[in-house]
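Asker: Please find the sequence and the predicted model below.
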Amino acid sequence: DQQVKQNSPSLSVQEGRISILNCDYTNSMFDYFLWYKKYPAEGPTFLISISSIKDKNEDGRFTVFLNKSAKHLSLHIVPSQPGDSAVYFCAATETSGSRLTFGEGTQLTVNP
Amino acid sequence: EPEVTQTPSHQVTQMGQEVILRCVPISNHLYFYWYRQILGQKVEFLVSFYNNEISEKSEIFDDQFSVERPDGSNFTLKIRSTKLEDSAMYFCASSVEGSSYNEQFFGPGTRLTVL
């Protein structure tokens, strides 16, 4: 199942710099996209979302960009902090249902 | 802050045995979900549940799986006859509503090990 794909298994950035995590999807029926963060031994925690009618959503240090024509979304974290170090999952849902379809995840490491 | 809880945190069982994984969703949530993550693989949807009925299930959720809300607080996933390939992290989630625009809150997971 490659409907949602995160091509970078890991990303390392310096504290204070920008982290950019990428996600691609293939299913044209997806209309809502979410980012979840996961620490070891915990469940995924909702971070930010975006509807397909928008191209940008911002919440504090976190901004999600959606490019529907390219079927691509990205999560920007600025400035990055060591506490942001976690696995970040991109997920998507269709209008007709509520199941989340997840990407593989990207391990973000923010170095002090 | 309200949270989804799951018990046990780790379950070890022999192949062929039945297991029941338990979840307590957030109290005012009406929609409940199970997902699993096999080591090294993606988080995969298993089933969603609303009003005491399965509302959606994946191809993974075959006849050996069942879900139940036995009382007003618990939501359980039963695997009737476990297989080695059922070894995974199982996550319960809940949401206020079942539309695609609703955030799902996840529990910490139960690690199931089938020997």
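Answerer: Yep, it's here.

Asker: and residue 65, what does it touch?
Answerer: By default, I'm working from chain A. If you count contacts by Cβ atoms under 8 Å, 6 or more residues apart in numbering or on different chains, A:F65 has them with A:D55, A:K56, A:L73, A:S74, A:H76. Where you see a C-beta, it was placed from the backbone N, CA and C, and this is true even at glycine.

Asker: oops, I was thinking of chain B
Answerer: When contacts are counted by Cβ under 8 Å, 6+ apart, B:F65 is found next to B:L46, B:V47, B:L77, B:K78, B:I79, B:R80.

Asker: Out of the residues you listed, which end up buried?
Answerer: Neighbour counting over the contacts of B:F65 (16 or more other Cβ atoms under 10 Å in any protein chain shown) leaves B:L46, B:V47, B:L77, B:I79 as the buried ones.

Asker: So for stretch B:63-83, mean pLDDT?
Answerer: Model confidence over stretch B:63-83 averages 93 on the pLDDT scale.

Asker: now stretch A:86-100
Answerer: 88.

Asker: For the chain, give me the ranges with low pLDDT.
Answerer: No chain specified, so I'll use chain A. Regions of chain A meeting the criterion pLDDT under 70 cover residues A:1, A:96-97.

Asker: that's the other chain; I wanted chain B
Answerer: When the per-residue scores of chain B are filtered using pLDDT under 70, the ranges that remain are B:98-101.

Asker: Chain A contacts on that one?
Answerer: Along chain B, the residues adjacent to chain A under the rule Cβ under 8 Å from any Cβ of the partner chain are B:4, B:31, B:33, B:35, B:41-45, B:48, B:55-56, B:58, B:91, B:93, B:95, B:98-109.

Asker: What's the ChimeraX syntax to select whichever of those residues are buried?
Answerer: Selecting just the buried residues from those in ChimeraX takes one command, with 16+ other Cβ under 10 Å as the test:
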select /B:4,31,33,35,42,43,44,45,48,55,56,58,91,93,95,98,100,102,104,105,106,107,108,109
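
Asker: In helices, which of the residues of chain B next to chain A fall?
Answerer: Of those, none are assigned to helices by DSSP state H.

Asker: Counting only strands, which of the residues of chain B next to chain A make the cut?
Answerer: The subset of the residues of chain B next to chain A located in strands under the criterion DSSP state E comprises B:31, B:33, B:35, B:43-45, B:48, B:55-56, B:91, B:93, B:95, B:105-106.

Asker: now those residues in JSON lines, with distance to A:L34?
Answerer: Putting these into JSON lines (distance: Cβ to Cβ, whole Å) gives the following:
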{"residue": "B:Y31", "distance to A:L34": "15"}
{"residue": "B:Y33", "distance to A:L34": "13"}
{"residue": "B:Y35", "distance to A:L34": "13"}
{"residue": "B:V43", "distance to A:L34": "12"}
{"residue": "B:E44", "distance to A:L34": "16"}
{"residue": "B:F45", "distance to A:L34": "13"}
{"residue": "B:S48", "distance to A:L34": "16"}
{"residue": "B:S55", "distance to A:L34": "19"}
{"residue": "B:E56", "distance to A:L34": "17"}
{"residue": "B:F91", "distance to A:L34": "15"}
{"residue": "B:A93", "distance to A:L34": "12"}
{"residue": "B:S95", "distance to A:L34": "11"}
{"residue": "B:F105", "distance to A:L34": "12"}
{"residue": "B:F106", "distance to A:L34": "12"}
